[in-house]
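Colleague: coordinates only, sequence not included:
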């Protein structure tokens, strides 16, 4: 019984998303969403010659832009974001051209 309860209440760290990104955006997205968005961002940035710190800064910029767009929509001041991944990809691409 105790083992089953431990399994039910288990929390496992997200080892894919860096802590800096995870802590900042966890209030807005689930673990699965964060992981998928992070992977989308990494794939989007592969075409650019960026070091790890530049990649992280770009990802944070893109995620902040996504959250701001969602915020505008929920305050009835903007259009809805229909696809988070496409929005993030487009933001990263336009920011680094």
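Modeller: That came through fine. Owing to the predicted nature of the structure, the values given are computational and were not obtained by experimental measurement.
Colleague: pLDDT at residue 48, what is it?
Modeller: If you check residue 48, the pLDDT there is 89.
Colleague: point out where this structure drops to low pLDDT.
Modeller: 96-97 (pLDDT under 70).
Colleague: find the nearest non-adjacent residue to residue 31, please.
Modeller: Spatial nearest neighbour of residue 31, chain neighbours left out: residue 14 (5.3 Å); criterion: C-beta to C-beta, 6 or more residues apart in numbering. Backbone N, C-alpha and C define where each C-beta goes, glycine included.
Colleague: show me where the chain has its helices.
Modeller: For the chain, the helices defined by DSSP state H occupy 2-8, 19-25, 31-45, 52-74, 84-96.
Colleague: packing partners of the second one?
Modeller: What that stands for is helix 19-25. helix 31-45, helix 52-74 (3 or more C-beta pairs under 8 Å, 6 or more residues apart in numbering; DSSP states H and E).
Colleague: neighbours around the residue nearest to residue 31, how many?
Modeller: Each residue near residue 14 was counted by other C-beta atoms under 10 Å, and the total is 15.
Colleague: just put the helices of the chain in CSV and tack on mean neighbour count.
Modeller: Below are the helices of the chain laid out as CSV (neighbours: other C-beta atoms under 10 Å):
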stretch, mean neighbour count
helix 2-8, 8
helix 19-25, 15
helix 31-45, 17
helix 52-74, 16
helix 84-96, 17
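Colleague: nearest to residue 20, out of the helices and strands packed on helix 19-25?
Modeller: Evaluated over these, closeness to residue 20 peaks at helix 52-74, with 6.5 Å, by C-beta to C-beta.
Colleague: now that closest one: how far from the chain's centre is it?
Modeller: The chain centre lies 8 Å from the centre of helix 52-74; the measure is C-alpha atoms, centre = their mean, to the nearest Å.
Colleague: show me what it is packed against.
Modeller: Helix 52-74 packs on helix 19-25, helix 31-45, helix 84-96, going by 3+ C-beta pairs under 8 Å, 6+ apart.
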